[in-house]
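# Got a predicted structure here, sequence first:
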Amino acid sequence: MASGSDVTVSGGTTMVGVNSGDVIDADDFNNMRTNVNTLLGTAADVSLGSFTASNTYGWGQGGAGVNAASQGGLIRADNATGGFKRLQDDIQAMCAFLGVSVRSGVGTDVADGGTISATTWSNSQLNIQDCWNARFSPASRTNTTADSETYTSQWNTSLTAEATFTWANEGLCRAYFNGGGRIGFSASRAGGSSTTQNTNWTDTLSAMGSAFLLHNTGVGSSGTNAGIGFYELTTSYQTIWTKFGSGSYSSNFFKMEMKVNSTSNPTVVTAKATFSDPHAEGSGALGPDGIAGTGDEAFGNDFIDGTMTLNGRTGTPDASGSGFSFTAPTVSVGSISGT
């Protein structure tokens, strides 16, 4: 039995490091295999509403590529049961997906008749620990605009729209976020009158970039993060991201809210975008006619025109090089309405 130091995995199974000369038993192999199987297996079925990292795992990749070893059996190089090379293959794929450095010996497949060194065995355990710690952070994502809507009428109060992000089942939904997937909005304003009001909306939305929901938080290029992620969603809307205007237009804002269809069987995330313009021109700021505080704008009736665009965005984990596959949601952005 292994006699080295414990290698712990939060939410997983403790592994025991080896020293040269140790006799390895089935449990030593199976503890490694269990952690790999848990990470590659079905997403944990936890209720939404709060996030606990140690309870959240599972990429939905079918589990480990090797069966558990049997007591009294042999650890073979390439075998369906207790095959160390097959375990190495899984670890290498996990490292490739996450961009984790493969430790010494782990990247060299053991061959029939070969010797598994204590360094290779222990580094395999450490690489499993590395991957568990980084499991929500893929090396890269494919960011896509999946659907869009535009609004071309003049407006001066607020605009809203809803979008749905739908998976075929909750396992695909959970696995997507467990693997570092994200969903959200980007928005823009273009064309129309050459006014400071229009320009500020153009600049504000450009500075925000894409606002995304991750497993445990929001993210964007600029704005206010509410610190709520997928696992904290409920069936009521919660604010995920807010981006305010600047200067005289600092009361204007874009807001992204989200909710889920079920906290026990989530398959649909609904997102709401709000463009809010409470700014009133009567304070002396330039109105759409370029004149400060006169005419209609003296009564707070300033306007935004041009084309407002709302994009439903996904950031799907890039599994190239690992053999993994994550299912992006089907995205549908509803019509933009308001006054």
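Looks like it came in fine. Residues are numbered from 1 along each chain as shown.
# So for the nearest residue to Asp25 once chain neighbours are set aside, what pLDDT did the model give?
Computed as C-beta to C-beta, 6 or more residues apart in numbering, the closest residue to Asp25 that is not its neighbour in sequence is Met1, at 5.3 Å. For glycine as for every other residue, the C-beta is placed from the backbone atoms N, C-alpha and C. At Met1, the model reports a pLDDT of 71.
# got it, and Thr339?
89.
# how many neighbours does it have?
Residues near Thr339, counting by other C-beta atoms under 10 Å, number 9.
# gap between the nearest residue to it once chain neighbours are set aside and Ala280?
Of all residues not flanking Thr339 in the chain, Thr157 sits nearest, at 5.0 Å (C-beta to C-beta, 6+ apart). Going from Thr157 to Ala280 by C-beta to C-beta, to the nearest Å gives 11 Å.
# more crowded one of those two?
Ala280 (16 against 13).
# isn't there a helix covering Asn37?
Yes: counting by DSSP: H, G, I helix; E, B strand; the rest coil, Asn37 is part of a helix.
# Asp89: what secondary structure?
Secondary structure, three-state DSSP: Asp89 is helix.
# can you give me the strands for the stretch 201-339 of the chain?
211-213, 218-219, 224-225, 238-244, 253-260, 268-276, 307-317, 330-333, 337-338 (DSSP state E, counting those that start in this stretch).
# These: which one's closest to Asp22?
The closest of the strands of the stretch 201-339 of the chain to Asp22 is strand 307-317. By C-beta to C-beta, the value is 36.7 Å.
# That closest one packs against which elements?
With contacts taken as 3 or more C-beta pairs under 8 Å, 6 or more residues apart in numbering; DSSP states H and E, strand 307-317 sits against strand 141-151, strand 158-166, strand 182-190, strand 268-276, strand 330-333.
# circling back to that earlier point, pLDDT value on the residue nearest to Thr339, please?
For Thr157, the model assigns a pLDDT of 94.
# ok, now which ones touch it?
276-278, 338-339 (C-beta atoms under 8 Å, 6 or more residues apart in numbering).
# ok, and what's touching stretch 76-93?
Against stretch 76-93 from outside (C-beta under 8 Å, 6+ apart): 26, 29, 32-33, 36, 40, 64-70, 73-75, 102, 106-107, 109-114, 116, 124, 127-128, 131, 322-324.
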